[in-house]
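In: Pasting the sequence and the predicted model now:
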Amino acid sequence: MSDKIEITLTVNGVDHRVRVEPRKTLVDVIRDDCGQTGTHIGCEHGVCGACTILLDGEPVRSCLMFAVQAQGLQIRTVEGLQNGETLHPMQQAFMSHHALQCGFCTPGFLMLAVGVLEKRPDIGDEELLEVLSSNLCRCTGYQNIIKAVRSVAADMRAAR
Amino acid sequence: MSRTRTPWVGQSVRRLEDPPLVTGNGRFAGDIDFPHQLHMRIVRSPHAHGRLRAIDVSQALAMDGVRAVWTAADIADVPPIDFREGAIEKLTAYRQPVLATDTVRYVGEPVAAVFADDPYIAEDAADSVIITVDELPAVLDAASAPAEFGPNRSSEAAVCRQGYGEVDAAFAGATIVEIDVAIGRHSGVPLETRGAIGRYDAARDVLELHGAAKVPHRNRESLAKMFGRSTATLHLFEAHVGGGFGIRGEIYPEDVLVLLAALRLKRPVKWIEDRREHLMAANQSRQQRHRIRAAVGADGTLIALDDDFFHDQGAYLRTHGTRVVDTTCGILPGPYRLPHFRVAGHVRLTNKTPCATYRAPGRFETNFARERLMDAIAAKLGLSRIEVRRRNLIAARDMPFSRGLVALNDDVEYDTGDYALLLDKALKHFEWDRLEREAAVRRAAGEFIGLGLACYVEKSGLGPTDGARVNIDTGGGIEVITGGASVGQGFETVIAQVCADVLGSDYRKVRVVHGRTDRIEYGIGAHATRATVMTANAAAVAARKTRDKALEMAAHLMQSRAEDLDIVNGTIIRKGEAQGPGISLGDIAAHLKPLSKTRGEREPGLTAEGWFTVGHMTYPYGVQLAVAAIDAGTGAVKIEKMLIAFDVGRAINPMLVEGQLVGGFAQGLGGSLLEEFRYDQRGQPLSVTLADYLLPTALDVPHVDVLITEDAPTNLNPLGIKGAGEGGIAAVGAVIASAIDDALGAPGTVTKLPVSPQELKAIIDALRAPTTLANQM
Amino acid sequence: MKPAKFSYHAPGSVDDAVALLGQLASEDGRILAGGQSLVPTMAFRVAQPGHLIDINGIPSLGTISVAKDRVRIGACVRHAAFEGKTAIPGPTGALLGKVVRNIAHYPIRVRGTFCGSLAHADPSSEWCCTVAALDGQMIARSPRGERVIDATNYFQGVMSTALEADEMLTAVELPLLPADTRCGFQEFSRRPGDFAIAMVLATYRLENGRIADPRIAVGGAEVAPRRIAEAEAALAGQPAEPAAFARAAQAASEAIEPMEDNFNTAAYRRALVMTLAQRALEKAR
């Protein structure tokens, strides 16, 4: 019924040729078949956001897509945030603001925050908070995550 | 090279743990894979209670890629999971079998295990297993009369009793205030679900459990016993852990199964729980009902407290036995003087998911019950809620304070504390008086707005003993090997800060090992907020001994006396000689190598072991203050202002302490307003998705102001530290209930958690239309 | 929570999609658009479609086209298309922009589709309430041809619509409201972004200082969204004042037959509708 299909996924600019069943979710293929385990699975029903990646620049829940749907699209995950050895400003900000404790939700938040600020650098603070409420964190109480993202948003505005 | 010394303890330095976690290089259980591994999927009971008649696994076995399917018959030689403290005769009948034998007792109970080549196939196969059960009525109310658990076994597994004084005499003739309050069932629900990978290294005859957490060494002992192996042949490996909160790391049936399967099926076995399973099978907590009353003097002084409470334990006693109930009993009086006390905690089994510890176990519950009672006393006597508390607080001069109560097998003796001082500081910092005036103005305009408070004592530093080893290599790298565990709290950073100070080095040069039973023989893991207190102090002892060894060798090499030397930035120099010659720690390590000509008779290695032993737990304490507003149109609660004031004795890393307090608060908020595991009348769980079990989001958690004080360092350890891990969550239910009652202008309204908008809307509508209510009566 | 097996099809045209659905409907073939509602049900294995027909690769379905007095929203138009500046003019565009912020969360809105919500017909769907309020029309195609289904006939109950198993929703059409229409939308849920327990969408115009063409639709509270005639009658000809709004809100709350479930009572939904109707009217711009 669901024989495997050969697809090519482009993750952080690198092509991965894989053979997967249509039912295999995008997050499972990114993790298992493409070997990029930085994206995490927290609920598999689209609520927690731990699986958030950027698909053609927009944050999406990779547990709610099938890998076969992502052919030809640009997938960016947390592993692709840094530039060589230089960390992305969002990664730096999370560390300097103590915006992570166990780190499980962190990749999802990083991609969500980077995605939304890249698309909408002038996003208002209230709306930014609404966007950040998309993802769940169980350790930090969000305070420092909000501070970290706001600091990057402010830096981006100042630089323009 | 700078010669100035920077003390790390007390600084909010960046965490050592962070770089791999922000770059996607973390290794959580789900990221661990072994070649040729099998995937396990558990088949779970769809019934809350019944006799297991048949399990048909034939369809599953026939599927391509399925290697084995087990039921209880296949693992008949495996004993039930025992209590962490060891066998307790009276309670053994209540332990959970690894797979259900003749009876199923909760929806979600493991009944069979499927082993397949990939998790998709494993789930297909598990779905095809047919379970036949003769249903029995489900016991769902822990406060009703006990039912039969088994032959000659009541569903009341135990009653924990503690107390002192002459309670009945004290109540006679006194003013009595009585309340009946309940805390709803909820739990830690970390963002990473449970997972375990079992692997048998046949080449070395070592059985390995990967994805361990919390108490690897203790679990190793228990598992070694279960498997009849020496502890040298069973090792646990902690990877990154996505939150623990007390839930993760206890021995569950699935942990036993992956190990057994690795042995018998001769392939590594990986199990990753899904969220739906987690919400019905991982330890739940908190559900208690307290019938509590106080005898009070006319001025609000507590004379006696009598509490009878029912603890909904769920279907089995898990690894904690009855310890949560015991702790509840021992810590109930909190920060108040209390001449007479009696508590009885009924451990009642029900047909729900089994329960155990969740962050501040016994304290979230007792703080709610006790602080509700304090508010009730204030209301009944017409006193201010602040004054009633102030009058009863134990004074700093009465420390250490003990009243013969026990928690976690330890006498509850408050070591140090100035509760009244913290209350004053908190009220001032919060600007309580101004906020009350503003609230009064808004109330006059028709708003429902109120202030709440809660005073509480926490516990930490559970001993009695921990040990650590420090090792410095010839490159100057420092490794601290501990038996600790990290659940994301910053364990490594804190240990590194402490050791780096002792060794005069940069904390970033310190590697901290934890969660590895193969690196150190003994460990206490991380729970009960003990890691910072116990392990940091043990590491400090080991570091001190290593330092002494280094200075002694250096003294010989530099022809000085050890007391004239110091270590700065990893280099040993003569004190006061900022520009003088020095020897690096790495070079000292080289001099101490076995074949070194300069070693002399000294024991080889720049390394030392240190142990720290403590007689009692140490007791941090806090005050929580809140402003809450209720939307009269919807019943929704908004926390407009929140303060957590907490005395930790000494903060090694204030940023991490604050992170613990705010994170704990968010969980407490969830337990007060959003989170609840609900069941229908047949015992079917209703909260098995994250759309039904509501975790707070960034828009639900208000800004939390944190006031960390160091007014009462402990004298129980040289660092003076108490732990903060559970200080944020412990009083949240109490303070929010207090604020809501004040907002409603109706003391005593909130008698249970969580409070829902639906309930508040009905209450507000009734308050606004008393004639309607009268018509209905 | 891995989905059960299915066969995957990715047609390149609407004709192909309709033909496939016609063939595969009897084997539980379903349309996959945004997947934000369908895939979770598959994860829980509550839904186990034998075939998924992925329409994301059909360009003609991704357009919003505006005609003189109507706007046509294609089957693959994402929720996110209604955020910020859109092609939809006037009060309708503003209303859709107001409503969309209440739908789930941003990443869900990136993938989820307007028409997908209509096909799914969850009572808490904001778009379903919008379509009911504006008397939208559903364009459905099957091997038998195309038909237009009015909102009043479309919603039949919880997750239940007039669509046949082999019918595909290709577009939804909404009227463009007159330029002087005021619109308000209020919903209530336990947390921002959660399924709404109740919602009210209100629009009206003023003629000589009196309310004309009132529309009051309630969603989330009953098994399906609908306009509440009693509430509209209470508004028509009235001044746009709190007292009139309160009467309309009362009428709405009394007229509905709210659902009762394990988490929310009918009485609470009724009380919420009263609050939300009042606020939607008061905040209507």
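Out: On my side now, so go ahead.

In: Return the set of buried residues in stretch B:500-507.
Out: B:Ala500, B:Asp501, B:Val502, B:Leu503, B:Gly504, B:Ser505, B:Tyr507 (16 or more other Cβ atoms under 10 Å in any protein chain shown). For the C-beta atoms, the positions are set from N, CA and C on the backbone; glycine is no exception.

In: Share the number of residues neighbouring A:Lys147, please.
Out: Counted with other Cβ atoms under 10 Å in any protein chain shown, the neighbours of A:Lys147 add up to 16.

In: any idea which element it lies in?
Out: Taking DSSP states H and E as the criterion, A:Lys147 maps to helix A:143-159.

In: Same check on C:Cys115?
Out: Assigned by DSSP H and E, C:Cys115 falls in helix C:114-120.

In: can you tell if whichever helix or strand comes after that helix touches chain A?
Out: Note on helix C:114-120: by DSSP H and E, the next helix or strand toward the C-terminus is helix C:126-133. No. With Cβ under 8 Å from any Cβ of the partner chain as the measure, helix C:126-133 is seen stopping short of chain A, the closest distance being 15.2 Å.

In: circling back to that earlier point, please produce a markdown table containing the buried residues of stretch B:500-507, extended by secondary structure and distance to chain C.
Out: Shown next, in a markdown table, are the buried residues of stretch B:500-507 (DSSP: H, G, I helix; E, B strand; the rest coil; distance: Cβ to the nearest Cβ, whole Å):
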| residue | secondary structure | distance to chain C |
| --- | --- | --- |
| B:Ala500 | helix | 41 |
| B:Asp501 | helix | 44 |
| B:Val502 | helix | 47 |
| B:Leu503 | coil | 47 |
| B:Gly504 | coil | 49 |
| B:Ser505 | coil | 44 |
| B:Tyr507 | helix | 38 |
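
In: follow-up on the earlier one: which of the residues in the helix holding A:Lys147 are buried?
Out: Those would be A:Gln143, A:Asn144, A:Ile145, A:Ile146, A:Lys147, A:Ala148, A:Val149, A:Arg150, A:Ser151, A:Val152, A:Ala153, for helix A:143-159 by 16+ other Cβ under 10 Å.

In: so who does the fifth one touch?
Out: It refers to A:Lys147. Shown in contact with A:Lys147 (Cβ atoms under 8 Å, 6 or more residues apart in numbering or on different chains): A:His97, A:Ala99.

In: Can you give the contact residues for the host helix or strand of B:Ile386?
Out: Using DSSP H and E, B:Ile386 maps to helix B:385-392. Here helix B:385-392 makes contact (Cβ under 8 Å, 6+ apart) with B:299-302, B:336-338, B:374-375, B:377-378, B:381, B:420, B:423, B:427, B:432, B:453, B:455, B:738.

In: Let's see which of the residues you listed end up in strands.
Out: With strands taken from DSSP state E, the overlap with those comprises B:Leu302, B:Leu453, B:Cys455.

In: Of those residues - the most surrounded one?
Out: B:Cys455 (29 neighbours).

In: Quick check: bridge partners of that residue?
Out: B:Val623 (DSSP bridges).

In: which bits of the stretch 101-250 of chain C sit near chain B?
Out: Residues of the stretch 101-250 of chain C lying close to chain B (Cβ under 8 Å from any Cβ) are C:Phe188, C:Arg190, C:Arg191, C:Pro192, C:Gly193, C:Asp194, C:Phe195.

In: show me the contacts for the fifth one.
Out: For C:Gly193, the residues meeting the contact criterion (Cβ under 8 Å, 6+ apart) are A:Ser133, A:Ser134, B:Thr697, C:Asn102, C:Ala104, C:His105.

In: measure the fifth one to chain B for me?
Out: As defined by Cβ to the nearest Cβ, to the nearest Å, C:Ala104 lies at a distance of 10 Å from chain B.

In: secondary structure class for that residue?
Out: Secondary structure, DSSP: H, G, I helix; E, B strand; the rest coil: C:Ala104 is coil.

In: same check, this time on the third one
Out: Here B:Thr697 is recorded as coil under three-state DSSP.

In: what's the neighbour count on it?
Out: 24.

In: Next: the fifth one.
Out: If you count neighbours by other Cβ under 10 Å, C:Ala104 ends up with 21.

In: How about the second one?
Out: Summarising burial for A:Ser134: neighbours were counted as other Cβ under 10 Å, giving 27.

In: so it makes contact with A:Leu112?
Out: Yes. The criterion here is Cβ atoms under 8 Å, and A:Ser134 meets it with A:Leu112 at 6.2 Å.

In: what's near enough to touch residue 66?
Out: You didn't say which chain, so I picked chain A. A:Phe66 sits in contact with A:Pro22, A:Arg23, A:Lys24, A:Thr25, A:Leu26, C:Tyr8, C:Gly35, C:Val39, C:Leu52, where contact means Cβ under 8 Å, 6+ apart.

In: Actually, chain C is the one I wanted.
Out: C:Arg72, C:Ala87, C:Ile88, C:Pro89, C:Leu176.

In: Tell me how far the first one lies from B:Ala766.
Out: As judged by Cβ to Cβ, to the nearest Å, C:Arg72 and B:Ala766 stand 49 Å apart.

In: who's more crowded, the two?
Out: Regarding C:Arg72 and B:Ala766, a neighbour count based on other Cβ under 10 Å identifies C:Arg72 as having more, with 17 against 13.

In: Could you tell me whether that one really is in a strand?
Out: Yes. Secondary structure of C:Arg72, determined by three-state DSSP: located in a strand.

In: Could you list which residues are in contact with it?
Out: Counting by Cβ under 8 Å, 6+ apart, C:Arg72 makes contact with C:Ile64, C:Ser65, C:Val66, C:Ile139, C:Ala171, C:Val172, C:Glu173.

In: can we see that at 7 Å?
Out: C:Ser65, C:Ala171, C:Glu173 (Cβ atoms under 7 Å, 6 or more residues apart in numbering or on different chains).

In: Show me what from chain A comes close to chain C.
Out: When proximity is defined by Cβ under 7 Å from any Cβ of the partner chain, chain A lies next to chain C at A:1-2, A:5, A:21-23, A:44-46, A:49, A:52, A:58-61, A:64-65, A:68-69, A:112, A:116, A:130-131, A:133-134.

In: Give me the buried subset of those residues.
Out: Neighbour counting with 16+ other Cβ under 10 Å marks A:2, A:5, A:21-23, A:44-46, A:49, A:52, A:58-61, A:64-65, A:68-69, A:112, A:116, A:130-131, A:133-134 as buried within the residues of chain A next to chain C.

In: Those in strands, which ones?
Out: Members of those lying in strands (criterion: DSSP E): A:Ile5, A:Thr52, A:Glu58, A:Pro59, A:Val60, A:Arg61.

In: re the thing from before, closest to B:Gly476 among the contacts of A:Phe66?
Out: A:Leu26 (45.6 Å; Cβ to Cβ).

In: Quick check: buried residues in stretch C:264-282?
Out: Using 16+ other Cβ under 10 Å as the test for burial, stretch C:264-282 gives C:264, C:268-282.

In: what number of residues lie near B:Gly24?
Out: Residues lying near B:Gly24 (other Cβ under 10 Å) number 25.

In: before we move on, what SS does B:Ala550 have?
Out: helix.

In: Check the one 5 residues further on too.
Out: Using three-state DSSP, the three-state assignment for B:Ala555 comes out as helix.
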